[in-house]
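>>> Pasted the sequence and its predicted model underneath.
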Amino acid sequence: MHIVLTGNTSFKIANFRAGLIRALIADGHSLTVLAPTDEYSQKLNEMGCRFVPLHMDRNGTNPLSEARLLTSMYRHLKQLKPDFVLSYTIKNNIYAGLACNRLSVSFAPNVTGLGPAFSDEGALNRLVRSLYRFAFRKARRVFFQNTHDRAIFLDAGLVPEDRSQLLPGSGVNLTEFSFSPMPEDHDAVRFLLVARMLKDKGVGYFAEAARAVKAEHPNAQFQLLGPLDPDSKTAISKAEIEDWVSEGIVDYLGSASDVRPALRQAHCVVLPSFYHEGTPRSLLEAAAMGRPLISTDMPGCRDVLIPGTSGFLVQPKQTEDLAKAMMQFIALSPSDRQAMGQASRLLMEAKYNERFVIDAYRALLAE
């Protein structure tokens, strides 16, 4: 079949869906990726996909811009004539769904997170729910990445239960992200946050907690890895990060196409997100490499660790709670930290193998 994959960045499709892309091409399907152009667009071509640029503002809410995006999605899909459309991220799910309904094209969205609109009780929330209801009404399958998001859609009648399916996030390639022993510099515990530099990801709380922990444990190290995102409404500015670096509380590693070297050097990976995540890929990759996790008791985040066994859960937006968990981790013996990391890996093997996700898509297409 000719299958179109669409999302709000080339980066996410090239990195989070690489295994699926390889599997579908191996099955004989031809793939087109419809997404905004970025530094990963060429990589999609190299992977065997045809890349078609989609002009969109990921964070915008201007009605005229959104109408243009919907029109653009419709025109692209009408021209491409796909047999099936697989969509990811909020706008692409909604607009691809609406276009596929009109074009009578088979469609399967993947709800990778709810976004801030679902936290708003006002008109925007009602509008988004209505759009989802219309966009998903003919979907062959609606994939969800955590039980919380699926329950919200089912309770609100946005999708029939018999056409909804739970996936283990985007899954993780357990060979590519293989188990790595804990670093041996046990006295200089290294905490790493991997994410876009956004307030929603809890980057500010990470920095504040780092300041508190370093006051008692000056040898502890705190690293940030991920791109700046100045177009986002919740962006952490470059100047703010530079201030933290100058103060000596964090090190900023910039962004990287391969996060594995930084994960190998970390003792613990932290994501204090207070955003409705799907299932954070950064936590899956860290856990697959045998790293204990500290994250918030939020949908998606809470699902990828076992509190007290493979990491610690903290309350969102609570610097004191986050700092306390970090100090609990520092107080562990090297063997206890290693045991936590092994528990992380075992959980990934049991529930989050990328193969489970690929098999679900193959089964859907086989139908």
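Good, I have the coordinates.
>>> Which strand residues bridge residue 113?
residue 277 (DSSP bridges).
>>> Count residues in the vicinity of it, would you?
21 (other CB atoms under 10 Å). (C-beta placed from N, C-alpha, C; glycine too.)
>>> and what of residue 53?
By other CB under 10 Å, neighbour count at residue 53 equals 14.
>>> Can you read off the backbone torsions of it?
Here is the backbone geometry of residue 53 (degrees, to the nearest 10): phi -70, psi 140.
>>> Return the distance of stretch 185-197 from the chain's centre.
Its chain's average C-alpha position is 19 Å from that of stretch 185-197, according to CA atoms, centre = their mean, to the nearest Å.
>>> That stretch: which residues count as buried?
By neighbour count with 16 or more other CB atoms under 10 Å, stretch 185-197 contains the buried residues 189-197.
>>> Now flag whichever of those is closest to residue 74.
residue 196 (29.1 Å; CB to CB).
>>> What ranges does the stretch 1-150 of the chain have for its helices?
10-16, 18-26, 41-46, 63-80, 90-103, 123-135, 147-155 (DSSP state H, counting those that start in this stretch).
>>> quick one: the residue nearest to residue 161 when sequence neighbours are not counted from residue 134, how far?
Counting by CB to CB, 6 or more residues apart in numbering, residue 154 is the residue found nearest to residue 161 once chain neighbours are left out, at 5.6 Å. The span separating residue 154 from residue 134 equals 17 Å under the rule CB to CB, to the nearest Å.
>>> Helices of the stretch 251-367 of the chain, residue ranges please.
260-265, 281-288, 319-331, 334-351, 354-366.
>>> Just name the most buried of these.
Among the helices of the stretch 251-367 of the chain, helix 281-288 has the highest mean neighbour count (mean count of other CB atoms under 10 Å), at a mean of 27.
>>> re the thing from before, between the helices of the stretch 1-150 of the chain, which one is nearest to residue 274?
Of these, nearest to residue 274 by CB to CB is helix 147-155, at 14.1 Å.
>>> quick revisit: how about the helices of the stretch 251-367 of the chain in a markdown table, adding mean pLDDT and distance to residue 272?
Below are the helices of the stretch 251-367 of the chain laid out as a markdown table (pLDDT from 0 to 100; distance: least, CB to CB, whole Å):
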| stretch | mean pLDDT | distance to residue 272 |
| --- | --- | --- |
| helix 260-265 | 97 | 18 |
| helix 281-288 | 96 | 11 |
| helix 319-331 | 97 | 5 |
| helix 334-351 | 97 | 17 |
| helix 354-366 | 97 | 26 |
